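# after the sequence you'll find the predicted model.
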Amino acid sequence: MSDLARQLEACFAAADRHVIRVPALVKGRLCSPPALEPEQLAPRSDTGAPENASAVSRIEGTWVIRRPLGGAAGEHWLLVTPSPDPRELIETDWQGLARSLYGLPFREIERFIGAVQEKVLSLRGRQWPQTVQAAASQRFLHGQPLDFWLDHLAELLDPEGLADMVDRQLGKPWASGQQFLDGWVGVDATIRRGYVARMAPAVFGNAAPVPRRLRAQVRAMPTRQLHITAGNAPVVPIVSFLYGLVTKGVLVVKSPAESNLLATMLALAMWATDPEHPVTRATSLVYWKGGDSRYEDVLFAPEAFDRLVVWGSPETVGSVRARAPKAKTIFLNPRYGLSLIGRAAFPDHMQEVAMRGSTDTLIANQLACWSSLVHYVEGDEATALAYCQALQQALARWDEHAPNVLSRATLGQVRLLRRTAFLEGTWFTNGTPPAISSAVVYLREPFDLSVHPTCRLVVVRRLDRLEQIFPFLNSSISTIGVYPTRALIEVRDGCAAAGVSNLFPLGECEGLFAGMPHDGMQILGELVNWTTSMIDE
């Protein structure tokens, strides 16, 4: 058994008691949580959460993340992780960074990524105990089995794809992005001397220094980065980490409670690959409860980090804006996806289109920023209702393949919608009420999208013409899937002008390519310091 497999099995050693103990990676050190007795891990009464709800507690130097077990009230899965000193996470050794990580050739970053990828792939196909599968998939990995996420993690750790991303986002016509990260790149440019320097002969006469011939150079200098990530999809902290990794950043990545387990797998794979590697030693993959002043007063202090990357809710974004007003911060705000279906789909292609639409809806179980919440259908009401039925059937197939177990709170939210905001809707539900597994609701009037529970619930609305979508668009929409291709080509300029970032064929909204912009930005260019120098020729 590999060291990585042993480490991962140690995390699950108490799975039969519904406890998972995961380490944190702190500047290359693998820090395990202290062993606590079961009575110490019991839910605290001061969390303010109902007995059957999720909660986070700080107990004896650990964070205890509680998730309902799904059986009797009061039973939970517990994920236990260390609570490191936040001051340990801040790096101030500039000369050491320049000699080690910042001076590392990008080809060595590629080699390291490839070695980590091999470690992850070595875990594929292992026969994990049923208690482990239940803990991982049902409560901490959004309903998908461990192998699914191990495959996904390995796919993201693609050395060639990440190198392409660097070259596309940091490269210029005269040099690759990797060259800018590895050193100073000459720029074929005319240098204009400053006004005061040009006055020097008038001031000093013949004693004035003779103007030198100078050559301009530019470097994409790595930075110290703090990434505050969101829990709507387990891959978010991994994607954020990779943005920092390929820019040679000194990284602190805060995983959300919902995605801590996948980040732990990455931490273990890095440590098992080489705990002394400059990348490992410059990386911290940790957790703390968002808003905890004991951490954030230290980490949000001026000069603690060169860049902040913040994913999450409006509350998270607003809190960071208020507490770190001087930091250069990249905000990745909550967004959502839509589907736009032209009349060419009906009636001959209705089943196919419903399957495509359901695929875009189920991205991260409808929690990702690009998963579709609303499907707009071009046609009359009878066509829209027929599409609702076809979509209901497609979602039922997904429910069979990847069961969707909704919490009591979410089921209550759906029941409330049926009595209030969606009272006039026509409903098509799967599952046995009140425990529905997915649903489609046809609404005739506009509604407040903020009430959408993102739980395999699709709202369907009707348009006479696809062009009528434009008044409903804004920059909160990340992605639109469109059918057919002709309609996509016709509407994409107008959608892009409204602030939509991605326009894809229906059913392909999870598609990616190396160097693809994120939320309308070339993220890597924002994570480096573009530094200039001039030298004598």
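Everything's here; your move.
# stretch 249-266: end-to-end distance?
Terminal residues of stretch 249-266 lie 17 Å apart, using CA to CA, to the nearest Å.
# who touches the helix or strand harbouring residue 201?
Under the criterion of DSSP states H and E, residue 201 resides in helix 195-204. The contact list for helix 195-204, computed with CB atoms under 8 Å, 6 or more residues apart in numbering, reads 208-209, 211. Quick note: C-beta positions are derived from backbone N, CA and C, even for glycine.
# neighbour-wise, which of these leads?
Greatest neighbour count in the contacts of helix 195-204, by other CB atoms under 10 Å, goes to residue 208: 13 neighbours.
# what sits against that one?
Applying CB under 8 Å, 6+ apart to residue 208 gives the contacts 200-201.
# residue 93: which of the contacts of helix 195-204 is nearest?
Closest approach between those and residue 93, by CB to CB: residue 209, at 36.5 Å.
# the contacts of helix 195-204 into TSV, with extra columns for secondary structure and pLDDT?
As requested, the contacts of helix 195-204 are exported to TSV (DSSP: H, G, I helix; E, B strand; the rest coil; pLDDT from 0 to 100):
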residue	secondary structure	pLDDT
208	coil	80
209	coil	83
211	coil	78
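# rewinding a little: run the chain-centre distance for the helix holding residue 201.
Relative to the centre of its chain, helix 195-204 is centred 54 Å away, using CA atoms, centre = their mean, to the nearest Å.
# one more: stretch 352-364?
20 Å.
# pull out the buried residues from that stretch.
Buried residues in stretch 352-364, counted by 16 or more other CB atoms under 10 Å: 353-364.
# using CSV, write out every CA atom in that stretch.
What follows is stretch 352-364, C-alpha atoms only, in CSV (Å, rounded to 0.1, in the frame of the first residue of the first chain):
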residue,chain,number,x,y,z
GLU,A,352,-32.7,15.1,-26.9
VAL,A,353,-32.9,18.7,-25.8
ALA,A,354,-34.4,17.8,-22.4
MET,A,355,-31.4,15.5,-21.8
ARG,A,356,-29.0,18.2,-22.9
GLY,A,357,-30.8,20.8,-20.6
SER,A,358,-30.7,18.4,-17.7
THR,A,359,-27.0,17.9,-18.1
ASP,A,360,-26.3,21.6,-17.8
THR,A,361,-28.6,21.7,-14.8
LEU,A,362,-26.8,18.9,-12.9
ILE,A,363,-23.4,20.5,-13.0
ALA,A,364,-22.2,20.2,-9.3
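# pull the residues that contact that stretch.
Residues external to stretch 352-364 that are found in contact with it (CB under 8 Å, 6+ apart): 142, 232-235, 337, 339, 341, 345, 370-373, 375, 387, 390-391, 393-395, 397-398, 402, 456, 458, 481, 483, 506-510.
# give me that answer again for 6 Å
With CB atoms under 6 Å, 6 or more residues apart in numbering as the test, stretch 352-364 has contacts from 233, 339, 341, 345, 371-372, 375, 390-391, 394-395, 398, 458, 481, 483, 506-507, 509-510.
# what is the neighbour count of residue 293?
Residues within reach of residue 293, counting by other CB under 10 Å, total 9.
# my bad, residue 28
For residue 28, the neighbour count with other CB under 10 Å is 19.
# and the gap between it and residue 18?
Distance from residue 28 to residue 18, counting by CB to CB, to the nearest Å: 31 Å.
# contact partners for residue 6?
Contacts of residue 6 (CB under 6 Å, 6+ apart): none.
# for residue 31, same thing?
Residue 31 makes contact with 23-24, 82, according to CB under 6 Å, 6+ apart.
# make it 7 Å
Neighbouring residues of residue 31 by CB atoms under 7 Å, 6 or more residues apart in numbering: 23-24, 82, 84.
# so where's the longest helix in this protein?
For the chain, the longest helix by residue count, based on DSSP state H, is helix 381-401.
# put the alpha carbons of it into CSV.
Provided in CSV are the C-alpha atoms of helix 381-401 (Å, rounded to 0.1, in the frame of the first residue of the first chain):
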residue,chain,number,x,y,z
GLU,A,381,-47.5,27.5,-23.6
ALA,A,382,-48.4,23.9,-24.8
THR,A,383,-44.8,23.6,-26.1
ALA,A,384,-43.3,24.8,-22.9
LEU,A,385,-45.4,22.4,-20.8
ALA,A,386,-44.5,19.5,-23.1
TYR,A,387,-40.8,20.4,-22.5
CYS,A,388,-41.4,20.4,-18.8
GLN,A,389,-42.6,16.9,-18.9
ALA,A,390,-39.7,15.8,-21.0
LEU,A,391,-37.3,17.5,-18.6
GLN,A,392,-39.0,15.9,-15.6
GLN,A,393,-38.3,12.5,-17.2
ALA,A,394,-34.7,13.3,-17.9
LEU,A,395,-34.2,14.5,-14.3
ALA,A,396,-35.8,11.2,-13.1
ARG,A,397,-33.1,9.3,-15.0
TRP,A,398,-30.4,11.3,-13.2
ASP,A,399,-32.1,10.6,-9.8
GLU,A,400,-31.8,6.9,-10.5
HIS,A,401,-28.1,7.2,-11.5
